[in-house]
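In: A predicted structure for the sequence below; I have some questions about it.
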Protein chains: 2
Amino acid sequence: MTQGCTREDQDFTRRLPDFAALRAKVAGISPDPPERLAKFRERYGLRITLLADPELEPAAAYGAVKDGKTLRSTFIIDPTWTIRWYERGVKVPRHAEQVLSVLREIVTADRELDPAIRFRRAYRATADEPVDKATVERLLQAAHLSPSCFNNQPWRFVVAEGESLTALKEALTGGNYWAKRAPVILAVASKPDLDCRLAGGRDYFLFGCGMAVGNLMIQATRMGLIAHPIAGFDPEKVKEALRILEEYVVIALVVVGYHGDPNLLSDKHKTLEYGPRERKPLAEVAFWRYFGTKEAGNGK
Amino acid sequence: MTQGCTREDQDFTRRLPDFAALRAKVAGISPDPPERLAKFRERYGLRITLLADPELEPAAAYGAVKDGKTLRSTFIIDPTWTIRWYERGVKVPRHAEQVLSVLREIVTADRELDPAIRFRRAYRATADEPVDKATVERLLQAAHLSPSCFNNQPWRFVVAEGESLTALKEALTGGNYWAKRAPVILAVASKPDLDCRLAGGRDYFLFGCGMAVGNLMIQATRMGLIAHPIAGFDPEKVKEALRILEEYVVIALVVVGYHGDPNLLSDKHKTLEYGPRERKPLAEVAFWRYFGTKEAGNGK
């Protein structure tokens, strides 16, 4: 109930509709007990959520305790529970406005395409610089957190290494000459009975592998890596190189590496490396209301 | 060649191995012409990259020009070309150390799992709050930027609306009762001849749809949305509801909405909503060197 807290909470209460318009919730955390906070809230007509932290537990976890006392601090937490901005040792005047303005910037950025989705593409110029095992493991963890039908987790990955990598590179088609420089190539394999097989031609195993590879590519891009899935290989030779059982479908090899010198690519591929990304107009693949109709309500 | 620039560039040169260890490159940009920068670099033994910006073009684009003069500024740019941190009006003393410490925090975070991959799961408690069309379009754009075999883009999306949404909800199985509250459901459909069909059972259409849905889920999660792909529906009824042609495979419906009240879920689903994420041990799905061997060099 200090002057600072009162002013701060009134400022945030006044700005609450602006925060709500950004789909943000505002909560104030204080060492006071709930009853005291309830009185405080009522006395000053506060409308933000107030939370009691008498043991200074969240306060300590957020680094907002100094010499046993709380430091007035603000944290902006995004929908994935990631702290995107913070300030410790906050000055109350104009603070709510400042937070609102930072939040607006963050929300505006998050309404754009995810940077990794926007940046990712089928880059071919991998460096021969090695990628360490912990990094490759992180890519596999990302893939493995993908959803699947009934959580069947139909994906199997084989990371080629040493002689299996050498043999795998012999299974590439000529057009994938560039992948021979890559430090890491991993195979994605599955078979129909590792996943649901439902009416209407719905075999889920390859769809599941696709979602997993989607995660893998995002994680790689974020870590500064190229992760380029290819289909240009001899599947029998790949199975032999990696000792993959006959009944598996090797749906893709994913070529992984840091960005290298595009001058080592063919002229065609050098142009593609930084050329425009080609996609059909969205209206040819995405429809509203009914299949094949571009605008809502047009009928078929 | 001012004292500030000299000191700053020498500080960054001294720290260059630390930056390199984080896979970061350091470049200094100045309005001086290249020849002058070359002399400067040589005279002071600088090893960072120096770039000439005589017209103040990048400088202006980065907001580092004030009253026609450059503002000493620093930007940390990540592998997706996103500015992650910046400071305008930099003070030289201890600046290189500060930048290194901020960068270390960012790189450490980026070596962890992508927050959207970590946070995403098959949430069921959607709010009935509407999701605007621009937001759904953003999800579709993200999906459409996914890679595909020969860039065939085999995915087709139908966003149910109005009577088609009502009809679609009738096609859900009982276990998906929760999806009836969702403001948006979209169907993902394709057919084999929209994509490559290669030797070794490699039909790419559903793998491609999977990668696209992977992107869609990441984008949705980042925007604070649930995007939950389901298989529990009658495919014939879905085709009828959305007027999808018979030869297509409707591989998934994706249920989209903001997070709502988990108390509206069945007891089983309420527990699942915030329960632990279940995955097989990574070593059961990912192998090094050869299929089915957990450790490199173990043989088959």
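Out: Structure received. Keep in mind the model is a prediction, meaning the values are calculated, not measured.
In: now do the same for the residue nearest to A:Thr126 when sequence neighbours are not counted: its pLDDT.
Out: Spatial nearest neighbour of A:Thr126, chain neighbours left out: A:Gly257 (3.0 Å); criterion: Cβ to Cβ, 6 or more residues apart in numbering or on different chains. (Each C-beta comes from the backbone N, C-alpha and C, glycine too.) You'll see A:Gly257 listed with a pLDDT of 98.
In: isn't A:Gly257 right up against A:Ala182?
Out: Yes. A:Gly257 is within contact range of A:Ala182, at 4.6 Å (criterion: Cβ atoms under 8 Å).
In: between these two, which contacts overlap?
Out: Contact criterion Cβ atoms under 8 Å, 6 or more residues apart in numbering or on different chains; residues shared by A:Gly257 and A:Ala182: A:Thr126.
In: may I see the buried residues of the longest strand seen in chain A?
Out: Using DSSP state E, we find that the single longest strand of chain A is strand A:249-258. Neighbour-count burial for strand A:249-258 flags A:Val249, A:Val250, A:Ile251, A:Ala252, A:Leu253, A:Val254, A:Val255, A:Val256, A:Gly257, A:Tyr258 (criterion: 16 or more other Cβ atoms under 10 Å in any protein chain shown).
In: picking up where we left off before, and the residue nearest to A:Thr126, what does it touch?
Out: With contact set as Cβ under 8 Å, 6+ apart, A:Gly257 has these partners: A:Thr126, A:Ala127, A:Asp128, A:Glu129, A:Val131, A:Arg181, A:Ala182, A:Pro183, A:Val184, A:Leu225, A:Ile226.
In: so which of the residues you listed sits lowest on pLDDT?
Out: Scoring the contacts of A:Gly257 by pLDDT puts A:Asp128 last, at 90.
In: and it, that's in a helix?
Out: No. With DSSP: H, G, I helix; E, B strand; the rest coil as the criterion, A:Asp128 is assigned coil and is not in a helix.
In: so who does it touch?
Out: With contact set as Cβ under 8 Å, 6+ apart, A:Asp128 has these partners: A:Arg181, A:Pro183, A:Gly257, A:Gly260.
In: then A:Cys149?
Out: Contacts for A:Cys149 were tallied using Cβ under 8 Å, 6+ apart; they are A:Asp195, A:Cys196, A:Tyr204, A:Phe207, A:Gly208, B:Ala231.
In: where does the fourth one sit: helix, strand or coil?
Out: Following three-state DSSP, the label given to A:Phe207 is helix.
In: that one: neighbour count?
Out: 30 (other Cβ atoms under 10 Å in any protein chain shown).
In: isn't it right up against B:Phe207?
Out: Yes. Checked against Cβ under 8 Å, the pair A:Phe207 and B:Phe207 is within contact range at 7.0 Å.
In: any weak-confidence spans in chain A?
Out: A:293-300 (pLDDT under 70).
In: find the centremost residue of it, please.
Out: Centrality entry for chain A: nearest residue to the mean C-alpha point is A:Ile218, 5.9 Å, by Cα atoms, centre = their mean.
In: does it lie in a helix or a strand, and which?
Out: Per DSSP states H and E, A:Ile218 falls inside helix A:205-222.
In: quick one: that helix near chain B?
Out: Yes. Interface with chain B: helix A:205-222 contributes A:206-215, A:217-219, A:221-222 (Cβ under 8 Å from any Cβ of the partner chain).
In: dump the contacts of A:Cys149 to TSV, plus distance to B:Glu278.
Out: Output for the contacts of A:Cys149, formatted as TSV (distance: Cβ to Cβ, whole Å):
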residue	distance to B:Glu278
A:Asp195	16
A:Cys196	17
A:Tyr204	17
A:Phe207	20
A:Gly208	15
B:Ala231	17
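In: highest neighbour count among these?
Out: A:Phe207 (30 neighbours).
In: quick one: contacts for that one?
Out: By Cβ under 8 Å, 6+ apart, the neighbours of A:Phe207 are A:Cys149, B:Leu206, B:Phe207, B:Cys209, B:Gly210, B:Val213, B:Ile251, B:Ala252.
In: state the distance from A:Tyr290 to A:His144.
Out: With the distance defined as Cβ to Cβ, to the nearest Å, A:Tyr290 ends up 37 Å from A:His144.
In: no no, A:Ala160
Out: Going from A:Ala160 to A:His144 by Cβ to Cβ gives 18 Å.
In: of these two, who's got more company?
Out: Per other Cβ under 10 Å, whichever of A:Ala160 and A:His144 has more neighbours is A:Ala160, with 24 against 21.
In: give me the neighbour count for A:Ala199.
Out: Using other Cβ under 10 Å, A:Ala199 is surrounded by 8 other residues.
In: for A:Leu50, which non-adjacent residue is closest in space?
Out: Per Cβ to Cβ, 6+ apart, closest to A:Leu50 is A:Leu37, 4.3 Å.
In: list the buried ones in the helix or strand containing the one you found?
Out: Using DSSP H and E, A:Leu37 sits in helix A:34-43. Buried residues in helix A:34-43, counted by 16+ other Cβ under 10 Å: A:Leu37, A:Phe40, A:Arg41.
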